[in-house]
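**Q** Compute the structure for the input listed below.
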Amino acid sequence: DESTNEEDITSPSLKNPTTFYYDLTLPTQTVTNPPTAPQQAITIDGTCGDTITNYFATGINEIEIKIRDLSLGQATYWTGTVAGDWTEDATHDAYWLATTLSNDATAWWYPGDTGLDLPDCDSDTEYDVIARAKDEAGNYAIVYSTRVFKKDTSAPDSEIVKPGTDDRYYKGMSTISGTAIDPSSTSNVDRVDVAIHDLTLGATYWDPMTKDWLETGGTTSWITLDDFTPGVSIEWSTGAVNWVDGHKFQVRIKAYDAAGNEQTTYPLRDIYYDASAPTTTVTNVTNGNVYSSLPTVSGRAGDNALP
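**A** Next comes the predicted model:
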């Protein structure tokens, strides 16, 4: 001081220096779920990090997210509660929602233990989730992570085109074919299964691997078809089937979309396969005889294959 007194830094009360850290490194975050592909149920989570986590009191402090309904414009946000629902926010800053951090602060998820609610997303509607990280020094990420997503709870539909008529007799039919469509246009038709049942034999189904009819013990044997490219609208075919003459068959079909929705009402066809020609005989005329009067010619006709 002015009197030239000098502080004694060896005094016991002054032995502990003040330590601080200067942190301008920005934290980072990613959105892992929901994926870009439509899903039946929505989960929201991701990862995060801060490159100087080895220092005291640094690292990730929190991850916040915003969830936006893009079908209602660019400024309609999930409030975090079912009661609050979706709300217009022209500031784009009022509805940052808390998430739950992992113990090592490298992963996050919503809602976790925040007490908030997942949004009630409509099927075939576009949303996005925006995430930002903050570290212990108060630095916010300046590059946010955004994921656009859709929910899909609409099941696809399929139809049997060939054969086109139920309870009909056929003498030749090389394949069963039809169509499938995803009415929501959100997911592609990703899979089509068919079951071809020999009703004459009971619990017997066509197996394309062995190209034979197999007894299943009463369990429906579904065949997954692979002769189509997934799409919103597709055409499918079973390939060749070794039909048994004189038998009755039932064909059932079901489709799945990429989100995993399964068709709940299965189209079906009952068909009869008859490849045997009928037979006829003349009963009142003898071969080689000569007749002076023959008012009628009569006989019999029969079919040995009776499904």
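**Q** where are the low-confidence patches of the stretch 1-150 of the chain?
**A** Scanning the stretch 1-150 of the chain for pLDDT under 70 picks out 7-21, 52-58.
**Q** which residue ranges form the strands in it?
**A** 28-33, 44-49, 60-69, 76-78, 86-88, 97-98, 100-101, 107-110, 126-135, 145-150 (DSSP state E, counting those that start in this stretch).
**Q** Nearest approach to Thr283 belongs to which of the ones you listed?
**A** Of all those, it is strand 145-150 that lies closest to Thr283, at 72.6 Å by CB to CB. C-beta coordinates here come from the backbone N, C-alpha and C atoms, glycine included.
**Q** what comes up buried for the closest one?
**A** Neighbour counts over strand 145-150 (16 or more other CB atoms under 10 Å) mark 145, 147, 149-150 as buried.
**Q** would you list the strands of the stretch 1-150 of the chain in TSV and tack on distance to Ile160?
**A** Below are the strands of the stretch 1-150 of the chain laid out as TSV (distance: least, CB to CB, whole Å):
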stretch	distance to Ile160
strand 28-33	37
strand 44-49	40
strand 60-69	39
strand 76-78	43
strand 86-88	42
strand 97-98	48
strand 100-101	49
strand 107-110	44
strand 126-135	34
strand 145-150	30
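**Q** out of those strands, which comes closest to Thr281?
**A** Using CB to CB, these put strand 145-150 closest to Thr281, at 68.6 Å.
**Q** What strands line up against that closest one, and which way round?
**A** Sheet pairing of strand 145-150 (DSSP bridges) gives strand 126-135 (antiparallel).
**Q** Not counting sequence-adjacent ones, nearest residue to Val189?
**A** With CB to CB, 6 or more residues apart in numbering as the criterion, Val189 has its nearest non-adjacent residue at 4.6 Å, and that residue is Ala180.
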